[in-house]
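1. how would this look folded up:
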Amino acid sequence: MSAQDTRTQLLTENPWRLMVSLSLPAIIGMVVIGLYNFMDAVYVGNMIGSAAMTAVKVSYPFTLINSGISTLIGVGSASVLSRAVGKNDRDTVDRIMGNLSVCIIVLSLAVTVLGTIFTRQLLTLAGAKNEIMELGVRYLRIIFIGSLFVNFAQSANMVMRGEGLLKKAMLIMGLGAALNIILDPLFLWLLKSVEGAAYATILSQFTQACFTLWYFTIKSKNVRINRLKLDQKLLPEVLGVGVSAMLMQVMQLVQQTVMYSAAQKYGGSEWQTVLSAALSLQAFAFIPLWGMSQGFQPAAGTNYGAKDYSRVKTLMRVFVTGATALSLIFYLPVMLAPKAMLSMLIADNPALVNTGVSNLRIFFSSYITLGLMIMTITLFQSLGQGGKAALLTILRQIAFFIPLIFLLPKLYPAKAAINGVFFAPVITDLLVLILSLCLIISTFRKIGTSTQNRKMQAIRRN
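-> Residues are numbered from 1 along each chain as shown. You can find the predicted model right below:
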């Protein structure tokens, strides 16, 4: 499909059909991305042991440093691209990938150097000790070495999705994830250690990065890497939008680090294992919603750039409805069969699984509200209103959550204090839900006023 055909589709197709056509490949693609860490945890937990699985999951928040970088540059660039496509701004389109490439190279090299030096200190922040610490260091250092590959592959893939080419983006991501699923058990069997999962992940991401580079240098006819240059005119706009998406990743790092530390304080290493399994399930269930939001972004951004504000509102309602329905696919199995869900990740400790069942239900109870939250954040990113998106992200990951996780465990008797750790994110999500609704209503009222003013001006001119 040509760039003009894609633009026409985004501006005119039936909203429900557009949601399906954009979201399905994006959801599959994002699920594929999620399989990297989720399958690492499943394979390591079953082939090496629960301590190794916990080490992988305790390390996971710090891999979000790379996710933060790729989303900072990728989401910001994709938002700029979709609005430029809506305006037919060819000059901006031609400068996006060169700017993205330079940013990713510089930031990734910094992560590799600093991450490998301070791996142990980072894991200490999450409360890792003894065997979990040693296994985590061995795993995370290898992941940091591959920072450039994952950051370029993911950020450039976001630009591809911002252009509306979600099927191509899905295929390239699928290649890397399929390779990871194949290599994970092979390398774990060969090396008999947690490093096998890390090597499998890096090799898979390197392969995905190579195909992505080939696409943007040779195959793509619309968005290409024309010249490697840090574009001082483009960069502020990219960062202004991308910072909210980056904050979602980096603040998740802070949130999970605090949660692991609190779990260690109030329940010990066994509750860290339960928490790591619960976070794995929630993270994997969240990915399809994030994928649907990637389908929403080019649709909202392009229509906003074309000043069709009424269609932006309609698309928001359609995508929120679809995301809420999609969430039931993951919500119901966890709430109805929590023991089976935990057992997938904690295979060698049935007693611990039984202990963690009730808290998994608590932890997952607010998941059904996340569709509205993620679509709200994506809407503001698409409209270029990064400040509102950043506000919601900071409140959810830090400003509401941190006080609650310190306060709630103290309200329980000492033996039950761990319950407060699992309740903190639930209460946080409900507070953010209320604020999201208020911001959406306010924004749509302003858009409606702007539309009415344009109509009145047109009448006066005629």
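2. so where's the stretch 201-350 of the chain shaky on pLDDT?
-> Residues of the stretch 201-350 of the chain meeting the criterion pLDDT under 70: 244, 248.
3. what ranges do the helices span in it?
-> Taking DSSP state H, counting those that start in this stretch, the helices of the stretch 201-350 of the chain run over residues 235-267, 269-305, 309-336, 338-343, 350-364.
4. just how off-centre is the longest one within its chain?
-> Spelled out, it's helix 269-305. 5 Å (Cα atoms, centre = their mean, to the nearest Å).
5. residue numbering should commence at 649 henceforth.
-> Okay, using 649 as the starting number, the last item reads as helix 917-953.
6. quick one on the thing from earlier: tell me which of the helices of the stretch 849-998 of the chain is the most buried.
-> Mean neighbour counts were taken over the helices of the stretch 849-998 of the chain using mean count of other Cβ atoms under 10 Å, and the top value, a mean of 24, falls to helix 917-953. Every residue, glycine included, has its C-beta placed from N, CA and C.
7. quick one: pLDDT of residue 677?
-> At residue 677, the predicted lDDT confidence score is 64.
8. actually residue 800, not the one I typed
-> With respect to pLDDT, residue 800 has a value of 92.
9. so it sits right up against residue 750, yeah?
-> No. In this structure, residue 800 sits apart from residue 750 without contact. The criterion is Cβ atoms under 8 Å, and the distance is 11.0 Å.
10. which of those two has more residues huddled nearby?
-> residue 800 (25 against 17; other Cβ atoms under 10 Å).
11. which strands and helices lie in contact with the helix or strand harbouring the more buried one?
-> In this assignment (DSSP states H and E), residue 800 forms part of helix 795-810. The criterion is 3 or more Cβ pairs under 8 Å, 6 or more residues apart in numbering; DSSP states H and E, and the helices and strands that helix 795-810 contacts are helix 663-695, helix 698-735, helix 738-765, helix 814-839, helix 843-862, helix 917-953.
12. tabulate the helices of the stretch 849-998 of the chain (TSV), appending distance to residue 871.
-> As requested, these are arranged in TSV below (distance: least, Cβ to Cβ, whole Å):
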stretch	distance to residue 871
helix 883-915	14
helix 917-953	12
helix 957-984	23
helix 986-991	40
helix 998-1012	39
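13. looking at the helices and strands packed on helix 795-810, which is buried most?
-> Stretch with highest mean neighbour count among the helices and strands packed on helix 795-810: helix 698-735 (a mean of 26; mean count of other Cβ under 10 Å).
14. report the angle between the axes of that one and helix 663-695?
-> For helix 698-735 and helix 663-695, the angle between their directions (axes from the mean of the first three to the mean of the last three Cα atoms, to 10 degrees) works out to 160 degrees.
15. now what about stretch 1054-1066, what contacts it?
-> Taking contacts as Cβ atoms under 8 Å, 6 or more residues apart in numbering, the residues outside stretch 1054-1066 that touch it are 910, 911, 914, 915, 919, 1007, 1067, 1068, 1069, 1071, 1072, 1075.
16. and stretch 720-729, how far out from the chain's middle?
-> A distance of 14 Å separates the C-alpha centroid of stretch 720-729 from that of its chain, computed with Cα atoms, centre = their mean.
17. now swap in stretch 1074-1091 and tell me
-> Distance of stretch 1074-1091 from its chain centroid, counting by Cα atoms, centre = their mean, is 19 Å.
18. now that stretch: buried residues?
-> Burial within stretch 1074-1091, assessed by neighbour count using 16 or more other Cβ atoms under 10 Å, is assigned to 1074, 1075, 1076, 1077, 1080, 1081, 1083, 1084, 1087, 1088, 1091.
19. against residue 936, how distant is the first one?
-> In other words, residue 1074. 20 Å (Cβ to Cβ, to the nearest Å).
20. what do you get for the second one?
-> As defined by Cβ to Cβ, residue 1075 lies at a distance of 24 Å from residue 936.
21. that older thread, of all the contacts of stretch 1054-1066, which comes closest to residue 720?
-> residue 1072 (26.4 Å; Cβ to Cβ).
22. that closest one: which element?
-> Remark: residue 1072 resides in helix 1066-1109, with elements defined by DSSP H and E.
23. now that helix: mean pLDDT?
-> Helix 1066-1109 shows a mean pLDDT of 78 in the predicted model.
24. and if you look at stretch 734-752?
-> 81.
25. also stretch 817-824?
-> Confidence for stretch 817-824, expressed as mean pLDDT, is 80.
26. mind checking how far it is from the chain centre?
-> The gap between where stretch 817-824 is centred and where its chain is centred comes out at 16 Å by Cα atoms, centre = their mean.
27. check stretch 1063-1074 too.
-> Between the mean C-alpha point of stretch 1063-1074 and the mean C-alpha point of its chain there is a distance of 24 Å (Cα atoms, centre = their mean).
28. repeat for stretch 784-793
-> On the basis of Cα atoms, centre = their mean, the separation between the geometric centre of stretch 784-793 and that of its chain is 20 Å.
29. which other residues reach it?
-> Counting contacts by Cβ under 8 Å, 6+ apart, the residues outside stretch 784-793 that touch it are 703-704, 706-707, 710-711, 714, 759-760, 763-764, 767-768, 770-771, 776, 841-843, 845-847, 849-850.
30. swap in stretch 901-919?
-> Contacts with stretch 901-919, where a contact means Cβ under 8 Å, 6+ apart, come from 702, 706, 708-710, 712-713, 716, 773-777, 780, 920, 922-924, 927, 997, 1000, 1003-1004, 1045-1046, 1049-1050, 1053-1054, 1057, 1065-1066, 1068-1069, 1072-1073.
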